[in-house]
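Visitor: The following block contains a protein sequence and its predicted model.
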Amino acid sequence: MQTRFHGLFLGFGVACEISQLNCLLEQYKHETECNAITGQTREGKMQHHQSLMDGVLLTDEFMNGDLVSHEHETYYKHPTAFEGELRAIIRKFSEVVKAAGEPLVRLKEAEEGVITAQLLHDAAMSLLDWTVGSSTIVVEAGRRFCFV
């Protein structure tokens, strides 16, 4: 009986190690992809600056392009910008839930609650995507989760 249990325990340990190695492999692939994207972005910015210096690109066009690029990076990539948006959605959701506790709830308010719940779900999924895309990777292996 002890040998059988011990064998099961060792088998589980090997399976866990394999799943952890798979997690590390996925993390390595993701980091390699991110590094390639970062390199491409860096090259694009250098070419953009070089075209300004060569006089091919007008200053106004450069500034507008740079501003749009910066807004995109700030809004979609920066965690504090996303956190502020998420807090606003949660605040709105809390207000709708409070209003639903009152006896006179209108259909429009209920519909807003459903829409707000969908927005909250979308924001949570975006947060999860952002978290998975950063240093923490969560990979489902069967019924176990591997945190690296």
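Guide: Perfect, I can see it now. Numbers count the residues shown, from 1 in each chain.

Visitor: Give the full set of residues in contact with residue 69.
Guide: For residue 69, the contacting residues are residue 45, by Cβ atoms under 8 Å, 6 or more residues apart in numbering. Where C-beta positions appear, they are placed from N, C-alpha and C, glycine not excepted.

Visitor: Any figure for the gap between it and residue 26?
Guide: Taking Cβ to Cβ, to the nearest Å as the measure, residue 69 falls 29 Å from residue 26.

Visitor: and if you look at residue 46?
Guide: Residue 46 is 31 Å from residue 26, by Cβ to Cβ.

Visitor: So the two - more neighbours on which side?
Guide: residue 26 (15 against 10; other Cβ atoms under 10 Å).

Visitor: Just say helix, strand or coil for the more buried one.
Guide: Under the three-state scheme (DSSP: H, G, I helix; E, B strand; the rest coil), residue 26 adopts helix.

Visitor: Now do the domain split for the protein, please.
Guide: Listed domain ranges for the chain are 1-77, 79-136 (source: automatic domain parsing).

Visitor: and those domains, which one is worst for confidence?
Guide: Among the domains of the chain, domain 79-136 carries the lowest mean pLDDT, at a mean of 64.

Visitor: Doesn't residue 95 belong to a helix?
Guide: Yes: assessed with three-state DSSP, residue 95 lies in a helix.

Visitor: That one: what's it in contact with?
Guide: Contacts of residue 95 (Cβ under 8 Å, 6+ apart): none.

Visitor: Next one: residue 95 from residue 87, what distance?
Guide: Applying Cβ to Cβ, the value for residue 95 to residue 87 is 13 Å.

Visitor: in this structure, which spans are strands?
Guide: Here the chain has its strands, by DSSP state E, at 138-141, 144-147.

Visitor: now residue 90: how far from residue 83?
Guide: Counting by Cβ to Cβ, the separation of residue 90 from residue 83 is 10 Å.

Visitor: out of those two, which sits in the busier spot?
Guide: residue 90 (15 against 12).

Visitor: ok, the more buried one to residue 122 distance?
Guide: Applying Cβ to Cβ to residue 90 and residue 122 gives a distance of 13 Å.

Visitor: Check residue 53 too.
Guide: Separation of residue 53 from residue 122 (Cβ to Cβ): 42 Å.
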